[in-house]
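*Asks:* Based on what follows, work out the 3D shape:
(2 chains)
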Amino acid sequence: MGGEMVCPKCAAAITPDDKFCAACGADVAPAPVPPQDAPAAPGPIPYSVIEARARASKLATARKLLVAMSIITLIAGVGMYLVQRRAVEKQIDDLEAQMSDMDPETRDADMKSRTGMTWEQAKARDRGEVRLHFAINIGLAVFYFGMWLWARKNVLAAAITALLLYVTVLAVNGALEPKTLIAGWQLKVGFIAILVLAIDAGYKARRAEAT
Amino acid sequence: MTAVATTEPATCACGTTYKPGAAFCARCGTRRQPVEPVAPPPPRAAGLPIAIAYYMVLLAAQVVAMVNIKLGGDVFTTTWVVTLGFAVITIGFAIPNHALVLPLLGRAGFRPLGYLVLLALAPVIVALIHGYVHGLGILFDLDQPGELDMYAGYGIGLAIVLDAVIPPFVEEIGFRGLIFGALRRNLRFSEALVISSFAFAFAHLSVPSILTHAPLGFYLCWLRYRSNSLWPPMFAHACHNLGVIAWAAYST
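*Replies:* Numbering: from 1, shown residues only, chains lettered A, B, ... in the order given. This is a model prediction of the structure:
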């Protein structure tokens, strides 16, 4: 039959692909044909997929950054501890040498009048401060490591928390010692940029998800 | 052939494009139903940028205060200026974002018994946190500045106002109202809880305070979530700060 196909029920025009008549809904399917496995032609990648990949890559970079921040903080903390401890011990030795001819009671009275502490208390306080700085840096390294662990499940939330902490640490250090802001500023700007881009990507993904 | 109304769908639920004027789908045979035009859901209001901007402004105020003290400014004056500055910043953010704050202030949250439980819990929480801070001081041979040292000569009344009345009010509106509420618009509850509590801890500008204030933040944030009001966390926060002052007054 070479002519136009029509619906056997209402005579409306149908095409060979139709299973039902578009006009009356009658079943016009031919005898079942075994399905052919035609390979799907690779079409262009949709824009949404490209966008999602770009977001995922930014988030992955931020995740790697978190572990890098942890390691850098750890190394910097150990290095700073060694330098500060040497400086404090040298200061203590120098002062001890200066005051070697004084008897301990006059020395303590002198220290107390100037600093409100005895010599032993002052030494303990200075050494304690060095240990505290070390502990703070170790604490920060552990925190960033924790954020990295969290980022394996939830990059967005971990990146937000890490950014808040990082900016806070920079601000406090900068307020106490402005020189610390300039040292390695490219690295600092880079860290913040990676975190901000990742947060932006994750945030956009969440908002796209919600609508 | 009749013209297809604009409300009639162009494709069937099975994915087939309807033929012009068709009353049925040529593939699955279902009747072509006119669809009610559905308005797209309104996009969720932006939350994360509000939370981050608010935190950054608070941080900037603290940095200005630190620099002022470093340059020789009076600690006491700086502290109360910052306390009032926090209040101004928080009100400044709360006015355009009043939807995040006002509904929470409109209800009491807990019944009186709930507030009594909070009052009973306060000493336990103060003891836990203060004990930890004290232990840390011993570990590092540090003289912890007493909570009241700064107020020496000004009287305990001022310490109570500047430590236990204004900050709980402002910080609860800021951290549990603005930050938690804004984050909750775009993030899950657990994420908003953790981030807002850590923001609360970081804003106290000390690494040891992460260990004390983050759990305190979780507690206060949970109270806000549980009661859907800001009054229970404000009450618990004020109890905590009063407890710290009482401890300091007792020990000096």
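*Asks:* Need the residues that contact stretch B:178-194.
*Replies:* A:154, A:156-157, A:161, A:203, A:206-207, A:210, B:44-48, B:50-51, B:54-55, B:90, B:93-94, B:97, B:100-101, B:104, B:195-196, B:199-200, B:218, B:221-222, B:224-225 (CB atoms under 8 Å, 6 or more residues apart in numbering or on different chains). C-beta: built from backbone N, CA, C; applies to glycine.
*Asks:* where does chain A dip in pLDDT?
*Replies:* Along chain A, the model assigns pLDDT under 70 to residues A:1-3, A:30-41, A:210-211.
*Asks:* Do a quick rundown of the helices in it.
*Replies:* Assigned by DSSP state H, the helices in chain A fall at A:47-98, A:104-115, A:119-151, A:155-176, A:179-182, A:185-210.
*Asks:* Quick check: which of those helices is buried the most?
*Replies:* helix A:155-176 (a mean of 22; mean count of other CB atoms under 10 Å in any protein chain shown).
*Asks:* What helices and strands are in contact with that helix?
*Replies:* helix A:47-98, helix A:119-151, helix A:179-182, helix A:185-210, helix B:48-70, helix B:189-202 (3 or more CB pairs under 8 Å, 6 or more residues apart in numbering or on different chains; DSSP states H and E).
*Asks:* list the contacts for B:L205?
*Replies:* B:L205 neighbours (CB under 8 Å, 6+ apart): A:T168, A:V172, B:Q62, B:M66.
*Asks:* which ones are touching the spatially most central residue of chain A?
*Replies:* The centroid of chain A falls nearest to A:A159 when counting by CA atoms, centre = their mean (3.5 Å). A:A159 makes contact with A:L59, A:A62, A:L66, A:M147, A:A151, A:L195, A:A198, A:I199, A:G202, according to CB under 8 Å, 6+ apart.
*Asks:* rewinding a little: from the contacts of B:L205, which is closest to B:L84?
*Replies:* Ranked by distance to B:L84 (CB to CB), these are led by B:Q62 at 13.5 Å.
*Asks:* The closest one: neighbour count?
*Replies:* Residues contacting B:Q62 under the criterion other CB atoms under 10 Å in any protein chain shown number 20.
*Asks:* which residues sit in contact with it?
*Replies:* B:Q62 touches A:A171, A:A175, B:V82, B:A203, B:L205, counting by CB under 8 Å, 6+ apart.
*Asks:* what about the fourth one, distance to chain A?
*Replies:* Think B:A203. Between B:A203 and chain A the distance is 8 Å, computed by CB to the nearest CB, to the nearest Å.
*Asks:* close to chain B, is stretch A:141-151?
*Replies:* Yes. Stretch A:141-151 reaches chain B (CB under 8 Å from any CB of the partner chain) through A:F143.
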